[in-house]
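Asks: This is a predicted model, with the sequence first.
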Protein chains: 2
Amino acid sequence: MSSHSGGASTPPDLVSDGDASVSAGPAGGSPTSFRQRERQPTIRDVASLAQVSLPTVSRVLTGAVPVREATRKRVLEAMRELGYRPNGAARALVQGQQPIVGVITRDTTRHGYARMLLNIEARAKLHGYLVAITVVDPEEFDTAGGALDVLLAQPIVGVVVLDYHTYDPVKLQRRLGSIPIATVIHGGESPVDVAHVLVDDYEAARETTRHLLSLGHQTVHHIAVPGQQANQGSHARERGWREALEAAGAPVPAVQRTDWSIASGVAAGAALAADPTVTAVFCSNDELAFATMRSMHEAGRQVPADVSVAGLDDEPLASIWVPSLTTYRLDFDWAGQAALELLIDPAEGAQRAGNPRSGLVVRESTRPPR
Amino acid sequence: MSSHSGGASTPPDLVSDGDASVSAGPAGGSPTSFRQRERQPTIRDVASLAQVSLPTVSRVLTGAVPVREATRKRVLEAMRELGYRPNGAARALVQGQQPIVGVITRDTTRHGYARMLLNIEARAKLHGYLVAITVVDPEEFDTAGGALDVLLAQPIVGVVVLDYHTYDPVKLQRRLGSIPIATVIHGGESPVDVAHVLVDDYEAARETTRHLLSLGHQTVHHIAVPGQQANQGSHARERGWREALEAAGAPVPAVQRTDWSIASGVAAGAALAADPTVTAVFCSNDELAFATMRSMHEAGRQVPADVSVAGLDDEPLASIWVPSLTTYRLDFDWAGQAALELLIDPAEGAQRAGNPRSGLVVRESTRPPR
DNA sequence: CTGAAAGCGCTTACAG
DNA sequence: CTGAAAGCGCTTACAG
């Protein structure tokens, strides 16, 4: 490897283009040096070098059957010398199982998915499993061929499906066949017949809306994320909000809809900011709440003096926004871990009904109306 | 599957616990129904049902060699009837290649990594490749066994290493052996001998610092992310800031160090807020800038009236923070795509030196000192 | 504790 | 266009 001089010079082989560029690597290396890999040593090479039989090498590899210490040493030494690396595909073929867990998810950069994914990976690693992700948009489920097929063709341990209800369960089931599955479903949704971890969006939304009502607001406006595809209905968060209002006998204002984007959140927030009767807004997630606070600011309305704003999720930035955001914390870390465990060991997994650190977090952005 | 009544009731088999819980799935399903999968139909079953030979089935599978239409139809029909799914491990064994791309990365919830990962996945899917991720902390590289070994044991297409310089290149190389690799390195770092995509953190930091100086600030304070492990030195962003100051003959204040966490950013920001001579702060990333703005607010110092604050990355929220954040946009989407292409096709990849949408974005948080 | 044999499910030349 | 044979690299009974 090159030395680390710490200098600020750019690599000599650089195809410079503004401040970002690409280099094909090893100086003078032809593309083929990347494509054609030399023949890897196999268990057979190791066996002959160590002067033992194939099964013996296999035994020190798996560790299932005891091998004489001296023999073991010799085999290990031979492996080191040859730079031997077991062939996972061959092993998977004979064992009928690949130590891989698949994850089917939507946009992994969004807070909830990102945290669940990170935690699934961490937990899977603990069990010695690799995580393979496939981002699939519910709308393009049918066309999401390639990668998903590769995943499902492997004799994998199973698949974790995040936000299960956004997919069409029939199509999903047909595609997955008999592959084990564990899902994360979100509160207030219909009962399902698959192993699942429940993140109760419904309850979270209801609770947050109640908080705003308890402060004395006549009603609470809502900025919503898109409804769920497979459900055809509104999002659980929207239902939680609606039912909280109905239960309190408060009027139910028209919902402001967004497309998940911040821009659409700003637009929705601006619409509410223009309405002087609005004193409280519950947003389907923290990002939309931030966007709403921005819109309020631009319209010259103070949060929380003029308008209270609450979110849902409790992203890290919620605590430091100015004003800090009242929101409902959802424990996606727990959800990710629980889903993985549920897949690995349904019996065990179902027992550890966890200790989710969820709940309303009241901060600066909400207060009684004046 | 269960019906979708849209009701808000929780599943009957629920182990209720607050607002989040776990259910082991298929009602009455014993754990074994998950562990033991029935024997999958093989190419042999398909062949005998369709009354053709094994190779013929293989041919309709691969599509490489033409097959008589009528025969093809019969084979396809047999596959459908049996619910046949090819065994990827067997195919990989004979072909010597698994259509899988590995990604070695740190905390995938952080903005840059998250976006690169998402884009790598999208691009890989286009090529029919699956993406397997392994989150590995540079410090625990040696112990990060399990999952990484599984990944590297597969005859994968190659590995994309994000933020390459945080790892020890020697250890990494030893672990990867002859597996093709494409990396993302960050600006101002030492030249490397591997295929890489450059995201120029150094230039970004220098440019942003220059912007603050050009506004008339005597100097610019800095809140830094941790240095890079393998480099032992300071982060490229810190070097960019330092050299911009030196080039301008401005004094170089002590650096405020953080551990990436928002809390440490708030603490660092508070330290600067307490110093009345501070008029401009450049933060290593947007999150730290948000934290700093929070600290300034708490200390009663106005941004940008009293203090200018700039970040780096241009996260989505930067544009809607109050005040909106001046920052330097880095095109992680491009970087992710370019890295994947570089891995797949080094020759092609190196040519498309991209059109990164990077650059300084001046917003509300910076202005001349009074 | 160790070796010879069979086989995991597929693809790839090789014939026809 | 199609079939019989060999083999990818490993593990798993089966003997010893």
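Replies: That came through fine. Predicted model, so just to flag it, every value in this text is computed and none were measured.
Asks: next SSE after the worst-scoring helix or strand of chain A on mean pLDDT?
Replies: Least confident helix or strand, chain A: helix A:32-35 with a mean of 35, by mean pLDDT, DSSP states H and E. Once the chain leaves helix A:32-35, the next helix or strand it forms, by DSSP states H and E, is helix A:43-50.
Asks: Kindly export stretch A:296-311 (C-alpha atoms) in CSV.
Replies: What follows is stretch A:296-311, C-alpha atoms only, in CSV (Å, rounded to 0.1, in the frame of the first residue of the first chain):
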residue,chain,number,x,y,z
MET,A,296,-44.5,29.0,10.5
HIS,A,297,-41.3,31.0,10.8
GLU,A,298,-41.5,32.2,7.3
ALA,A,299,-45.1,33.2,7.8
GLY,A,300,-44.1,35.1,10.9
ARG,A,301,-46.0,32.8,13.3
GLN,A,302,-44.1,31.8,16.5
VAL,A,303,-43.8,28.2,17.6
PRO,A,304,-45.0,27.5,20.2
ALA,A,305,-46.3,31.0,21.1
ASP,A,306,-48.7,31.1,18.2
VAL,A,307,-48.8,27.5,17.1
SER,A,308,-47.8,24.3,18.7
VAL,A,309,-46.2,21.7,16.5
ALA,A,310,-45.6,18.0,17.3
GLY,A,311,-43.9,15.3,15.4
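Asks: Buried residues of it, list them for me.
Replies: Going by neighbour count (16 or more other CB atoms under 10 Å in any protein chain shown), the buried part of stretch A:296-311 is A:296-297, A:301, A:303-304, A:306-311. Quick note: C-beta positions are derived from backbone N, CA and C, even for glycine.
Asks: Look through chain A and tell me its longest strand.
Replies: The longest strand of chain A (DSSP state E) is strand A:98-105.
Asks: Which strands or helices does it pack on?
Replies: helix A:111-126, strand A:130-135, helix A:146-153, strand A:156-161, helix A:332-344 (3 or more CB pairs under 8 Å, 6 or more residues apart in numbering or on different chains; DSSP states H and E).
Asks: tell me the angle of that strand relative to helix B:146-153?
Replies: 100 degrees (axes from the mean of the first three to the mean of the last three CA atoms, to 10 degrees).
Asks: Report the distance from strand A:98-105 to the chain centre.
Replies: Here the centre of strand A:98-105 is set off from its chain's centre by 13 Å, with CA atoms, centre = their mean, to the nearest Å.
Asks: go on, stretch A:157-168?
Replies: Centroid separation for stretch A:157-168 versus its chain: 11 Å, with CA atoms, centre = their mean.
Asks: and if you look at stretch A:84-97?
Replies: 28 Å.
Asks: and that stretch, what's its mean pLDDT?
Replies: When pLDDT is averaged along stretch A:84-97, the result is 92.
Asks: what do you get for stretch A:165-181?
Replies: On average, stretch A:165-181 scores 88.
Asks: what's the first-to-last distance across that stretch?
Replies: Using CA to CA, to the nearest Å, the end-to-end distance of stretch A:165-181 comes to 14 Å.
Asks: try stretch A:154-171
Replies: 19 Å.
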